[in-house]
Each structure stands twice: as C-alpha cells, then as structure tokens.
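K.L.:
below are the sequence and a predicted model for it; my questions follow.
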Amino acid sequence: MKRFLVVVVLLLVIGTVAYFVLNRKDPAAGTSPLIVGAPTNADPVARGEYLARAADCIACHTVPETGKPFAGGLPFKLPFGTIYSSNITADVETGIGAWSDDDFVRAVREGVRKDGKHLYPAFPYTAYTQLSRADVLAIKAYLFTLPKVRQPERPNDLGFPFNQRWAMGFWNAAFFRSQRFENDPSRTPQWNAGAYLAGPLGHCAECHTPRNLGFGLKHSQALAGAELQGWRAWNITSNETHGIGKWSDEALTQYLRTGHADGHASAMGPMGEAVAHSLQFLKPEDTAALVTWLRTVPAREGTDPVVVDPAPKAVVASNAAAPGGDVDGENADGKRLFEGACASCHQWNGVGQQTPYAGLAGTRGVNDPKGANVTQAILHGVTMRIGDTDVYMPAFGHGYSDPEVAALANFVIGHFGGKQGEVTAADVAKRRDL
Amino acid sequence: MVTLRVNGEDRQADVPPDMPLLWVLRDVIGLTGTKFGCGIAQCGACTVHIDGQPIRSCQMPVSAVGNRAVTTIEAIGLTPEGAKVQQAWLAVDVVQCGYCQSGQIMSAAALLARTPNPTDRDIDTAMAGNICRCGTYVRIREAIKQAATGQPQGLQVVVDGSAA
C-alpha cells in the first residue's frame, strides 16, 4: 500500500513537472527576417496593417458583410462543437481596448487571454508563437487605430469536456511549443522571409497539414493536404504528381497574387478568402519569397493523393461550345444540368469564359474522385474580390437537390478529370450542414 | 474610361472596371435590346457575342472584354446567320412575351455559325442555357432548323403570307 502511494505521488510529481516544462514560455522577444512590405524602419501602424493582412486576421475575426471588421463572431464548426471568434477591435468592454502590450503578446504567442484563460487553437497561436514581439505589437498598434466596435463575445457552443478551457493546458503540453522564429543562416534572406510569411504569419500549415487524433498538426505530413470545413486544402509540397512540384514559378506567383493559375487552379472556399483578404496584398517581392520557400517544402504524397489528368478524353474531344467524348448515358443527368446551368461560363473544353477563373481543366478539384471541392463549389458558390474585380459563381445549393448536385459533380469529375466520380447524395447532404 | 468595339463602332464609356458589360451596354451606351434577367448567368437573357462566342454579359466585367468585338441583338441581323435566324423567327412566330428572345436569337445565331446543320441534340445543348418562361422551346427548335435548312418545318404561321 505504501509502495503504491509512493508510485502515485511520484507520477503526480513527474506529471506536474512535465506539464510545466512542456508549457514553458519562450522568453525571447524574437526577430523577424526582412519582409519587404513591412520594413523595420517603417511606421508601426503601416507595418501592422501589412502584417495583419499577411497573417489574415480579418478572415476569422469578421463576419462577412456585417461592416464590422475585426469585431469577431464568426462561427467555426468543429467536430466537438462550435466556437466563435473574438472581438479584437479596441472597444474597452467587448474588445481588447483594455489589453496591455504584454496581454496582447501573450494572447497571440501563447494562446492565453487577458483573464488568464486558454484560447482554443482554432486561433493559430501555434503558428503566431513564432512572431517577433515587435511584429505582434505593430499589429496591435494597427488594430488600435481602427473603429471600435461594441459587440459582446458570442459564447461557444461546446459540450463537456471541450468547454473546459484549462484542459487546453494539456493540449498545449502535447502539441504546442512556445518558440520564436529562427533565422536559418544557411538559406538566403529571401527564403527566410518566405518561411516567416508562410509559417508565423500566413499559417499555411493550419489548413494544409493534416491533423492527428488529438487535433495537433501531423508534422511528418506537413503541408501534404487536409480537409477542413468540407473543403480540401491541397497538397502544397514539392511532390511532382500530387503537390505543386510541377507548377512553374510564374504559375505559383499568379495563383498567390490572384487566386488563379491557368490550367492549374482557381482558389475558392477558405483559400479564396486567404487570397482575397491576405495574399493579394503582399508586395511582389514577398510573394516571390513565399514561392522560393514553397519550392523547398519536402515532397510528400499525403492521403487520398490526387493525380491530375492533363488531357482527359472528353475535354480533348470537346470545343468551347459543344461537348464531345462523353460516354452515352453515363452521368446523363449531370450532363443535362451542366448544359443548362454551367456550360455558358465553364465551357465544355474546360477553358472557361467570362473569366479565366471558370477554367476547370487541369484543376485538382475536378480530378478528385471524391469531389470534395467540386461539391462545395456547386453548393456554396464562389464570391471573392480580387483587385478591382469580383470573382463570382452562384451557389446552387438552394436550387438543386442532393441527387442532382451529386450527379452534376460526378459528371464534372468524369468530363473534366477523366475519372469515375464517387459523390453520393448522402455526401452532398452532409456538406450542406458544414 | 474604357473603349469598347460594339457592333462595329468604337464606343467610349466612363465606367468602373468591374461594371458588368450588360450595364454598360444598356445604361451607358443605350443599347437596350439586350435584357437583364437573372443577373447570375443562369437564364441567358443577356447573351451577346464576343468575337462570335455567345457570352452572358451580366456576369462579364467590362474590363475583361478588351479589344474584342461585341455584337448585340441590334446588329446580329447584319451577319448571315443572324439574318436567317431572325427571318425564321418571324416565319415561325416564335416569340410570345419576347423578354428572353434577344438572348435566344444570339445563342441560335452563334450555334448556326459553328454548326450550320445542327441536330436536335446540338440545338438542345447549345440552347440549354437560355430559359423561356413562356415555354417557346418547341418553336425555337423549329425555327433554328428552318434557319439552317431554309425549309419550313411544319410549324409555319400564315399571318405574314410568306409560308407555304
């Protein structure tokens, strides 16, 4: 009995020590590499605006079309409940107006808010922890110049035990390390800038890296692609078949700056937001830095790898206005829907008119037999503003039934991807609720 | 300021780059033959040609037109296919309320320009994006065939005395 007690006490001591060691805070202020759009000698507010864009704060902290930027309230539906983003305007009562510099830095880099409670890692402090103190405070300086919005926090809708914020301390012990960005002297300054833009600022991995059972990032599969909120974030490693290894620098640059790369991809869903709110505003030098860094991401295959068919037979046999090469009777319902609702913009040969964003051929979306992003696009449409133009596709979710959306998706996959689509009406029904 | 080549003439318009071509045609240039229907490229009423290709002008930002030639319903009768389509439309008396018809004629003329002798299926495919709430689809198909062959297709009206 005595022995047993000793073991229990020992385990408790070891556990407590481990908890605190694993939760220890990196005391360093940290430095950032040279970001062309945010030079260190610039006005902190201007720097902060650029950095806040590069970190894409607005996408999560704003409910679209409310005219209340940074006032929070955007829902995040997660497998264990829904959480809402917080108000980060300088309103004293409902926002962060009463927060000191140290409060703000601790929240951004350690995931602990002013009242000492843990934030959930839907807020990517896991990436922001690498930011330099100067950069975090520049973002704060910028946020404090914006209109204060009085909007009380919306309570999260989480069941036990997920509503216990203190428990995130254990999650942090397992999956979070407080640490600042380390400049890699063996790489060029441009590469380091790219690494800083993609990691601490742009937090690409939060969507593009798959997660483990505990919802921590699977670092062994970094950037090999994942699914979130119903959309597939594609493999962006340098894998030539499944990733972006075969894209030219020009194509990558075009995609990051405009959300479209001819014959490769058009951004939509969460990536559309990333381009619309963040990436399109980077200085060309910073986009180039991102491309330089992306090129060095080790190739990985990822799960459910997608192979793009560069010349599916139906695309080759079609012209802009008339279809060819489809097997008679196959996906006939989907084809009829495409004919009436889609062909006038997307065209049968996958090139697209009205806007190049409507080009379907060569995209990973139409080459994914599970049709995740094709289905999402049909259901929810696309709306994003790039430069001085709106990129728009109507949402068909209200107009079409689940079997119709499934039939249409499978036709699109068959015609433009040369593959047998596997979308079922049940899949579509599930996606409507995401 | 954008310059558009519309129906063979250069037209200047002082409009924002993201204004849809349809707005520029109707509200700025004053060519009101092209109609606004759904506004989301789903009904076909706003169809015009750009370099001979039918496009939905309600969803085409004017900045995307460039120096390509825009043809609208006002000038489609000057093309051989457009003239044939319009004659057949009259002979078959396709039109009921007429709202969708400029779009229908633009799509039909583009079809005949690339497929002079379309099958029923060609017609259905090419015209599927043009919706007619009056349901004139049967007459549309007949008129396209008549325009293609020059032969009456059995749905003639005798009002104008031109039909056999």
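P.N.:
Arrived safely.
K.L.:
only C-alpha atoms for contact and neighbour calcs from this point on.
P.N.:
Will do.
K.L.:
tell me which residues are up against the longest helix seen in chain A.
P.N.:
Of all the elements of type helix in chain A, the one with the most residues (DSSP state H) is helix A:2-22. Residues outside helix A:2-22 that contact it (C-alpha atoms under 8 Å, 6 or more residues apart in numbering or on different chains) are A:G169, A:F170, A:N172, A:A173, A:A174, A:R177.
K.L.:
so how far is that helix off the chain centroid?
P.N.:
Centre-to-centre, helix A:2-22 and its host chain are 39 Å apart (C-alpha atoms, centre = their mean, to the nearest Å).
K.L.:
what's around the nearest residue to A:D157 once chain neighbours are set aside, how many residues?
P.N.:
In space, and not counting its chain neighbours, A:D157 is closest to A:T82: 5.0 Å by C-alpha to C-alpha, 6 or more residues apart in numbering or on different chains. When counting by other C-alpha atoms under 10 Å in any protein chain shown, one arrives at 15 neighbours for A:T82.
K.L.:
show me the contacts for A:P356.
P.N.:
Listed by C-alpha under 8 Å, 6+ apart, the contact set of A:P356 reads A:H260, A:D262.
K.L.:
show me what the helix or strand following the longest helix of chain A is packed up against.
P.N.:
Next along the chain after helix A:2-22, taking DSSP states H and E as the criterion, comes helix A:44-54. Counting contacts by 3 or more C-alpha pairs under 8 Å, 6 or more residues apart in numbering or on different chains; DSSP states H and E, helix A:44-54 packs against helix A:133-143.
K.L.:
secondary structure element for B:I55?
P.N.:
Per DSSP H and E, B:I55 falls inside strand B:53-56.
K.L.:
tell me how far the residue in the stretch 301-434 of chain A that chain B sits nearest to lies from A:L379.
P.N.:
Residue nearest to chain B within the stretch 301-434 of chain A: A:G340 (4.2 Å; C-alpha to the nearest C-alpha). Counting by C-alpha to C-alpha, to the nearest Å, the separation of A:G340 from A:L379 is 16 Å.
K.L.:
any residue of stretch B:39-55 touching chain A?
P.N.:
Yes - Stretch B:39-55 comes into contact with chain A (C-alpha under 8 Å from any C-alpha of the partner chain), by way of B:I40, B:A41, B:Q42, B:P54, B:I55.
K.L.:
in TSV, list these along with pLDDT.
P.N.:
Listed next are the residues of stretch B:39-55 next to chain A as TSV, based on pLDDT from 0 to 100:
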residue	pLDDT
B:I40	94
B:A41	94
B:Q42	95
B:P54	95
B:I55	96
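K.L.:
which member of the residues you listed is positioned nearest A:A320?
P.N.:
Of all the residues of stretch B:39-55 next to chain A, B:P54 has the smallest distance to A:A320: 10.3 Å, by C-alpha to C-alpha.
K.L.:
so what's the residue count around that closest one?
P.N.:
Around B:P54 there are 27 other residues, counting by other C-alpha under 10 Å.
K.L.:
contact partners for the nearest residue to B:T32 once chain neighbours are set aside?
P.N.:
Leaving out its chain neighbours, the residue that sits closest to B:T32 by C-alpha to C-alpha, 6+ apart is B:R26, at 4.7 Å. By C-alpha under 8 Å, 6+ apart, the contact set of B:R26 is B:T32, B:G33, B:T34.
K.L.:
same question, A:K25
P.N.:
A:K25 makes contacts with A:E110, A:S178, A:Q179, as judged by C-alpha under 8 Å, 6+ apart.
K.L.:
buried subset of the residues you listed?
P.N.:
Buried by 16 or more other C-alpha atoms under 10 Å in any protein chain shown: A:E110, A:S178, A:Q179, out of the contacts of A:K25.
K.L.:
tell me the contacts of the second one?
P.N.:
Right, the one you point to is A:S178. By C-alpha under 8 Å, 6+ apart, the contact set of A:S178 is A:N23, A:R24, A:K25, A:D26, A:R109, A:E110, A:T126, A:T129, A:Q130.
K.L.:
reformat these as TSV; add pLDDT.
P.N.:
As requested, the contacts of A:S178 are arranged in TSV below (pLDDT from 0 to 100):
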residue	pLDDT
A:N23	88
A:R24	90
A:K25	92
A:D26	93
A:R109	98
A:E110	97
A:T126	97
A:T129	98
A:Q130	98
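K.L.:
most neighbours among these, which one?
P.N.:
Looking at these with neighbours defined as other C-alpha under 10 Å, the largest count falls to A:T129 at 29 neighbours.
K.L.:
gap between the nearest residue to it once chain neighbours are set aside and chain B?
P.N.:
The shortest distance from A:T129 to any non-neighbouring residue, by C-alpha to C-alpha, 6+ apart, is to A:R109 (3.8 Å). According to C-alpha to the nearest C-alpha, to the nearest Å, A:R109 stands 40 Å off from chain B.
K.L.:
just checking, A:R109 touches A:T126?
P.N.:
Yes - shown here, A:R109 and A:T126 form a contact pair, counting by C-alpha atoms under 8 Å, at 7.5 Å.
K.L.:
what's the neighbour count on the closest residue to chain B within the stretch 101-250 of chain A?
P.N.:
The nearest approach of the stretch 101-250 of chain A to chain B comes at A:E250, 21.0 Å away (C-alpha to the nearest C-alpha). A:E250 has 12 neighbouring residues, counting by other C-alpha under 10 Å.
K.L.:
helix, strand or coil for it?
P.N.:
Following DSSP: H, G, I helix; E, B strand; the rest coil, A:E250 is assigned to helix.
K.L.:
how about the residues of chain A near chain B?
P.N.:
Proximity of chain A to chain B (C-alpha under 8 Å from any C-alpha) is limited to residues A:321-322, A:339-345, A:353-355, A:388-390, A:393-394.
K.L.:
now do 10 Å
P.N.:
A:320-323, A:335-345, A:353-356, A:385, A:387-395 (C-alpha under 10 Å from any C-alpha of the partner chain).
K.L.:
PyMOL command to pick out the buried ones of those?
P.N.:
Entered in PyMOL, the line below selects the buried ones among these, by 16+ other C-alpha under 10 Å:
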select buried, chain A and resi 320+321+322+323+335+336+337+338+339+340+341+342+343+344+345+353+354+355+356+385+389+390+391+392+393+394+395
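K.L.:
what's the most distant pair in the residues of stretch B:39-55 next to chain A?
P.N.:
Longest distance between any two of the residues of stretch B:39-55 next to chain A is 15.3 Å, between B:I40 and B:P54; criterion C-alpha to C-alpha.
K.L.:
now A:A426: phi and psi?
P.N.:
Main-chain dihedrals, A:A426, degrees, to the nearest 10: phi -60, psi -40.
K.L.:
quick check: pLDDT value at it.
P.N.:
Looking at A:A426, its pLDDT is 97.
K.L.:
once you drop chain neighbours, what's closest to it?
P.N.:
A:D402 (7.3 Å).
K.L.:
would you confirm that the one you found contacts A:G334?
P.N.:
No - proximity of A:D402 to A:G334 does not meet the contact threshold set by C-alpha atoms under 10 Å, at 11.9 Å.
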